[in-house]
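> have a look at this prediction, sequence included:
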Amino acid sequence: MTKPKTLDQLRAEKERAETQLAQEQHKLERLENRKKYLEKGERQKRTHRLCNLGGTVESLAPEVKDLTRTEMTELMEHIFSLSEVQRAVRHMAITHISQANREKELKADGTISSKRHAD
């Protein structure tokens, strides 16, 4: 049978538990801050990518600068409904995936691949 703990032992145990709780709460706070930081970074990357795409569209067809969001959406829906455009998008997606897979294979082999920059 175990001996009952003294008041001092219980206080020391309580203090250790409180210290551990404070450490775990601090750890949780750090992890939450890290999550927010990473999510913010992903949003910034997305915003950057979308701005670059919009700039590319405007450089190819300057007339779109004056279109409303609704008009631009209608235009994009029309363009992307064209079978020729759908084929081109599929082709580009397949080409992109193939290139990405080749680069992964090269990296897995330990060789250094030369990166192409589209922007």
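Okay, I see it.
> phi, psi for the most centrally placed residue in the chain please.
Taking CA atoms, centre = their mean, the centroid of the chain lies closest to residue 42, which sits 3.9 Å from it. The phi/psi pair for residue 42 (degrees, to the nearest 10) reads phi -70, psi -40.
> distance check, residue 84 against residue 26.
58 Å (CB to CB, to the nearest Å). Where you see a C-beta, it was placed from the backbone N, CA and C, and this is true even at glycine.
> please apply the same query to residue 99.
44 Å.
> any stretches of this structure with poor pLDDT?
1, 111-119 (pLDDT under 70).
> could you rerun that using 80?
1-2, 109-119 (pLDDT under 80).
> what segments of it are helices?
7-60, 69-81, 83-109 (DSSP state H).
> ok, residue 44 - how many residues close by?
Residues contacting residue 44 under the criterion other CB atoms under 10 Å number 10.
> distance check, it against residue 31.
20 Å.
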